[in-house]
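Participant: After the sequence you'll find the predicted model.
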Amino acid sequence: MDKPIPILVISSESNNSYALRATLDREGRGAICASTVSECQELLGCQEIGLVFCDRALTDGTYRDVLVMIRSLSRSVPLVVTSRLADWDEYLEALDDGAFDLIASPSQTADIIRVINQAQYEDQKKSVPASSGKPHSASVGSGA
């Protein structure tokens, strides 16, 4: 089994933060929590974060402020926007802004796990060296 990616949850609403953290705990994944953009900046600077769940709006900014911080890092960190409305327009807007995904808040366990698995899969794809262009089966002996 792959090592779980470190997850940062940013929410100004304690109920959202608690619900998401409880789901992550039940699934055997821990989470680091922040409630403001400022706290998030400190954590991104000193913690190795692999995935961020962020409320659409925070008390001192929005997910867009967090995306700007993430872009300044030397590594790519996917950000999932959480939103009460989570309609099609918000989804397209978040993706256009550079978010990895947008899910409803409070979130369904299946949605949370899906995004974590997809982020982990994308991260693994990036860490696999580029192939020589030959299919793997071509290196298997044919008995000749």
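Facilitator: Received it, and whenever you're ready, just let me know what you need. Numbering: from 1, shown residues only.
Participant: How about the secondary structure of the residue nearest to T59 when sequence neighbours are not counted?
Facilitator: Leaving aside its chain neighbours, T59 sits nearest to S12 (4.4 Å; criterion: Cβ to Cβ, 6 or more residues apart in numbering). Bear in mind the C-beta positions are built from the backbone N, C-alpha and C, glycine included. Secondary structure of S12, reduced to three states by DSSP: H, G, I helix; E, B strand; the rest coil: coil.
Participant: Now do the same contact list for S12.
Facilitator: For S12, the contacting residues are S35, T36, D55, A57, L58, T59, by Cβ atoms under 8 Å, 6 or more residues apart in numbering.
Participant: can you count the residues close to the last one?
Facilitator: Right, the one you point to is T59. 11 (other Cβ atoms under 10 Å).
Participant: and if you look at the fourth one?
Facilitator: Taking other Cβ under 10 Å as the criterion, the count of residues near A57 is 13.
Participant: which residues sit in contact with it?
Facilitator: S12, Y63.
Participant: can you pull up the bridge partners for it?
Facilitator: Counting by DSSP bridges, A57 is bridged to T62.
Participant: going forward can the numbers begin at 31, since that is how I track them
Facilitator: In the new count, where the first residue is 31, that last one comes out as A87.
Participant: Tell me the confidence at it?
Facilitator: What the model reports as pLDDT for A87 is 95.
Participant: residues touching the residue most central in space within the chain, list them.
Facilitator: Geometric centre of the chain, nearest residue: L81, 3.2 Å, by Cα atoms, centre = their mean. By Cβ under 8 Å, 6+ apart, L81 lies in contact with I35, P36, I37, L38, V107, P108, V110, F130, V145, I146, A149, Q150.
Participant: Would you mind giving the secondary structure of L38?
Facilitator: With three-state DSSP as the criterion, L38 reads strand.
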